[in-house]
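Q: no sequence on hand, only this structure:
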Ligand SMILES: *Cc1c(COP(=O)(O)O)cnc(C)c1O
């Protein structure tokens, strides 16, 4: 099928909640190909899902082998890949214990449920979230998401959340009440426009939560699994959240999410308190295990840090010559370029030239290359972006 034929079937049979233009049929490393044979450099990585690029050999091999051995058992039974994945994550996080789900929203639902289960016996069940946050599209995570456009029409919203400005410690202090159970935030607000937390803010927020007896919850669905240059972004800040969520890149495209709970709080969620059918299946955990092994074996974090520095330098030069662009915000390879005008024309111009990029809100261009990206690919992407900015300006 070509793009027109696929698009036609979508028009007929897929609920029109998305508005795609390109039909992708194959991927390898940093590149994807569409149904008409056109090649693209993919600086979206499936929205920070394919952090190892498309179809990395060790992950494909692990998924293939596990698919032939045992795909699914319920959580009424042990399975070895889940045990091994949890062990790897525990080692990487200094002893957290993990629950596995299937998506980012579900992982964050788990964080919210954990905080309420912890707080309710003390009369605390309110959560302070951040303005411009994004935590998912389920009713619970939507209630923690400060984005009116995607909440509209789905009222009544779940109660129990308030919002404060990001990177503003005094605002959190002022919002705390005797009913506050937790503060929930993304270490880098991604969908909200790529705003990294300030170091001093997160350090002080951790201290404030400790002082007030409040949980600190990190949504690492987009920032985790190496995207920011460490396995989890909170490690870059030297803080330990009470619990944190993961999803997107954990399976490099095989759906898996989950959350980790700090050793202090292992008695909060006991037998029967939380569950899901598909969470932590042998197949999902085999994929995620291979992802974590590959990150270690192929020095992926070092490449991410190096590539991020090089790409940020190139982008700083590029934006210095473009009047509408003023800044390069990034932590590792989670990169945002704020613009005076809507960036959709730049996204379209780049795709036409064979480079896939994203936006984060209307006015921020977002780049999420795979963590395996090479300097040659970066040079190629920056050259295409330069032409795309020029075209959008004209
Ligand atoms: C993508 C994302 C989510 C939602 O994940 P889904 O898998 O789409 O449910 C939640 N939080 C953050 C920070 C995300 O980037």
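A: That came through, no problem. Given the structure is predicted, the values throughout are model-derived calculations rather than measurements.

Q: going by C-alpha atoms from here, please, whenever you check contacts or count neighbours.
A: Fine.

Q: what about the closest residue to residue 237 other than its chain neighbours, neighbour count?
A: Distances taken as C-alpha to C-alpha, 6 or more residues apart in numbering place residue 199 nearest to residue 237, at 6.0 Å, with adjacent residues excluded. The local packing of residue 199 (other C-alpha atoms under 10 Å) involves 15 other residues.

Q: for residue 199, what are phi and psi?
A: The phi/psi pair for residue 199 (degrees, to the nearest 10) reads phi -60, psi -50.

Q: got it, and residue 325?
A: phi -120, psi 130.

Q: right, and it touches residue 337 too?
A: Yes: with contact defined as C-alpha atoms under 8 Å, residue 325 counts as touching residue 337 (7.1 Å).

Q: which of the two has more neighbours?
A: Counted by other C-alpha under 10 Å, residue 325 and residue 337 do not tie: residue 337 has more neighbours, with 23 against 19.

Q: for the more buried one, helix, strand, or coil?
A: For residue 337, the reduced secondary structure class is strand; criterion used: DSSP: H, G, I helix; E, B strand; the rest coil.

Q: and it, how far from the ligand?
A: As judged by C-alpha to the nearest ligand atom, to the nearest Å, residue 337 and the ligand stand 17 Å apart.

Q: returning to that earlier point: how near is the residue nearest to residue 237 to residue 164?
A: Going from residue 199 to residue 164 by C-alpha to C-alpha, to the nearest Å gives 18 Å.

Q: please apply the same query to residue 264.
A: Note on residue 264: its distance to residue 164, by C-alpha to C-alpha, is 27 Å.

Q: hmm, residue 105 and residue 135 touching each other?
A: Yes: between residue 135 and residue 105 there is a contact at 6.3 Å, judged by C-alpha under 8 Å.

Q: anything in contact with each of those two?
A: Listed as contacting both residue 135 and residue 105 by C-alpha atoms under 8 Å, 6 or more residues apart in numbering are residue 141.

Q: right, is stretch 15-35 up against the ligand?
A: No: figure legend: stretch 15-35 not in contact with the ligand (C-alpha under 6 Å from any ligand atom); closest approach 13.2 Å.

Q: list the contacts of that stretch.
A: Contacting residues not belonging to stretch 15-35 are listed as 1-3, 6-7, 10, 39-43, 45, 52-56, 369-370, 372-373, 377 [C-alpha under 8 Å, 6+ apart].

Q: cutoff 10 Å now
A: For stretch 15-35, the surrounding residues in contact (C-alpha atoms under 10 Å, 6 or more residues apart in numbering) are 1-7, 10, 36-45, 50-57, 348, 351, 354-356, 369-374, 377.

Q: buried stuff in that stretch?
A: Residues of stretch 15-35 classed as buried by neighbour count (16 or more other C-alpha atoms under 10 Å): 22-24, 27, 29-35.

Q: need those in CSV with secondary structure, can you?
A: CSV is the format used below for the buried residues of stretch 15-35 (three-state DSSP):
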residue, secondary structure
22, coil
23, coil
24, strand
27, strand
29, strand
30, coil
31, strand
32, strand
33, strand
34, strand
35, coil
